[in-house]
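**Q** with the input below, show me the fold.
(2 chains)
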Amino acid sequence: MTTVSTELDRRFRDAAARESLLDVAYDLVDTPIGTLLVAATERGLCRIAYDAEPEQEVELLARRFGIRVLRSARPLDPARRELDEYFERRRTRFDLQIDVALLADFNRRVLHELVQVPYGEVVTYGELAARAARPRAARAVGTVMNRNPLPIVLPCHRVIGANGKLVGYGGGLERKEALLRLEGALL
Amino acid sequence: MAVPPFERFYDEHRNEVFAFLVRRLGRDRAEDAFQETFLRALRAYPTLRHGEHLRAWAFTIASRIAIDEHRRPKATAELPELADEDGRPAFAELEHLADQLPPTERAAVVLRYGYDLDYADIGVALGSNSTAARQAASSGIRRLRQKGLT
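**A** Have a look, this model is predicted:
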């Protein structure tokens, strides 16, 4: 059977993004801690997923952002570049536009505080709760971290337990450890 | 059935739509037509109300584009019967009339009499075969006659 060449396929995926016809574009990005599925709307980066099952993730993106979901490399070029630089230790903060419009207010406020935690430093769940003006909400902050739609870029790996333990991480503790080690926060 | 994410629709139908366009237009022109087909599908995608007959829908768009492509270099000499007096293509009229038919019959009638596809291609478009396509088209026509529309 006549099949679509890689080149033609890429041309269509580029054109779809260029003409702003997509609700969400996504692509896979290879990193030292595994392949990430990275997605963006016109407003900005909306999803980074570890160990993603592409089909499931595509369904999820469609439900959340709209059914015109298409894998397209070009819209994710800035994210790919910044992630590459981050993993090569040439970048300590991300300059990407992000789209967290669909998140609840409290989650947005906590994530806003999270972004202020500098590269190479850590903060406890309780401390982050205090910074978000909810000093007793350490547990709720834990939940927000667990549901962080943009790990790495919104650095939930920098949030640890009051006793200095790493506690948990959506992508698995070994990744949290690897990221903190990369940033020099962990020896 | 819910409309699937576009990625799935594209992934499921791109190769057969491309093969169809290659048969109609040759490989070179098929590439542009392919891109145009799926861009047009993408533009219309949010207006779909359900996820049924997406394959026939994709082929309908591809057929329309193949006809436009055919017309372009050779003017209208080759397909004079497709335009009526006010310049409106005959298939636009037909699509409207066929609106009242069940989806498979509608697709078969429109593809056969509106776009002049042969039954083998229509069978591919409908995910069946040429015999089933012929049956669907003729029962569609019969139904239209009963309604006094032809």
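
**Q** so A:Arg158 touches A:Tyr125, yeah?
**A** No. A:Arg158 is beyond contact range of A:Tyr125, at 11.1 Å (criterion: CB atoms under 8 Å). From N, CA and C alone the C-beta is placed, and that goes for glycine too.

**Q** can you count the residues close to residue 123?
**A** No chain in the question, so chain A it is. 20 (other CB atoms under 10 Å in any protein chain shown).

**Q** switch to chain B, please.
**A** With other CB under 10 Å as criterion, B:Gly123 counts 20.

**Q** so what pLDDT did it get?
**A** Looking at B:Gly123, its pLDDT stands at 84.

**Q** three-state assignment of the residue positioned nearest the centre of chain A?
**A** Against the mean C-alpha coordinate of chain A, by CA atoms, centre = their mean, the closest residue is A:Leu150 at 2.2 Å. What DSSP: H, G, I helix; E, B strand; the rest coil gives for A:Leu150 is coil.

**Q** how about it, nearest residue that isn't a chain neighbour?
**A** With sequence-adjacent residues excluded and distances taken as CB to CB, 6 or more residues apart in numbering or on different chains, A:Leu150 is closest to A:Ile48, at 5.1 Å.

**Q** how is the one you found classified with respect to secondary structure?
**A** Going by three-state DSSP: A:Ile48 is strand.

**Q** measure it to chain B for me?
**A** According to CB to the nearest CB, to the nearest Å, A:Ile48 stands 18 Å off from chain B.

**Q** got the contact list for that residue?
**A** By CB atoms under 8 Å, 6 or more residues apart in numbering or on different chains, A:Ile48 lies in contact with A:Leu36, A:Leu37, A:Val38, A:Ala39, A:Pro149, A:Leu150, A:Pro151, A:Ile152, A:Val153.

**Q** of those residues - the most surrounded one?
**A** A:Ala39 (29 neighbours).

**Q** chain A contacts on chain B?
**A** For chain B, the residues in contact with chain A (CB under 8 Å from any CB of the partner chain) are B:3-8, B:10, B:14-16, B:18-19, B:22, B:31, B:34-35, B:38-39, B:42-43, B:45-46.

**Q** now the helices for chain B?
**A** B:6-25, B:27-44, B:54-74, B:90-98, B:103-109, B:119-126, B:130-146 (DSSP state H).

**Q** any idea which of these is most buried?
**A** helix B:103-109 (a mean of 23; mean count of other CB atoms under 10 Å in any protein chain shown).

**Q** hmm, who's touching that helix?
**A** With CB under 8 Å, 6+ apart as the test, helix B:103-109 has contacts from B:52-53, B:56-57, B:59-60, B:94, B:98-99, B:101, B:122, B:125-126, B:133, B:136-137, B:139-141, B:143-144.

**Q** try 6 Å
**A** B:His53, B:Ala56, B:Ala98, B:Ile122, B:Ala133, B:Ala136, B:Ala137, B:Ser139, B:Gly140 (CB atoms under 6 Å, 6 or more residues apart in numbering or on different chains).

**Q** any idea which of the residues you listed the model trusts least?
**A** Within the contacts of helix B:103-109, pLDDT is lowest for B:Ala98, at 74.

**Q** just to check, that residue is in contact with B:Leu111?
**A** No. When contacts are counted by CB atoms under 6 Å, B:Ala98 is not listed as touching B:Leu111 (10.2 Å).

**Q** who in chain A is up against chain B?
**A** With the criterion set to CB under 6 Å from any CB of the partner chain, chain A comes near chain B through A:1-4, A:8, A:12, A:15-16, A:21, A:58, A:62, A:67-70.

**Q** and those, which of them are buried?
**A** Burial by neighbour count, 16 or more other CB atoms under 10 Å in any protein chain shown: within those this picks out A:Val4, A:Leu8, A:Phe12, A:Ala15, A:Ala16, A:Leu21, A:Val58, A:Ala62, A:Ile67, A:Arg68, A:Val69, A:Leu70.

**Q** helix or strand for the fifth one, which one?
**A** With secondary structure defined by DSSP states H and E, A:Ala16 is part of helix A:6-18.

**Q** using PDB, list the CA coordinates for the helix or strand following that helix.
**A** Where DSSP H and E defines the elements, the next helix or strand beyond helix A:6-18 is strand A:24-31. Taking Å, rounded to 0.1, in the frame of the first residue of the first chain, the C-alpha atoms of strand A:24-31 are listed here in PDB:
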ATOM      1  CA  VAL A  24      -2.700  21.200  21.600                       C
ATOM      2  CA  ALA A  25       0.600  20.200  20.000                       C
ATOM      3  CA  TYR A  26       2.800  17.600  21.700                       C
ATOM      4  CA  ASP A  27       6.100  15.800  21.100                       C
ATOM      5  CA  LEU A  28       8.500  13.500  22.800                       C
ATOM      6  CA  VAL A  29      11.700  14.900  24.200                       C
ATOM      7  CA  ASP A  30      14.600  12.700  25.200                       C
ATOM      8  CA  THR A  31      16.400  13.600  28.400                       C
END
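
**Q** check which helices and strands strand A:24-31 sits against.
**A** Contacts defined by 3 or more CB pairs under 6 Å, 6 or more residues apart in numbering or on different chains; DSSP states H and E place strand A:24-31 against strand A:34-40, strand A:69-71, helix A:77-87.
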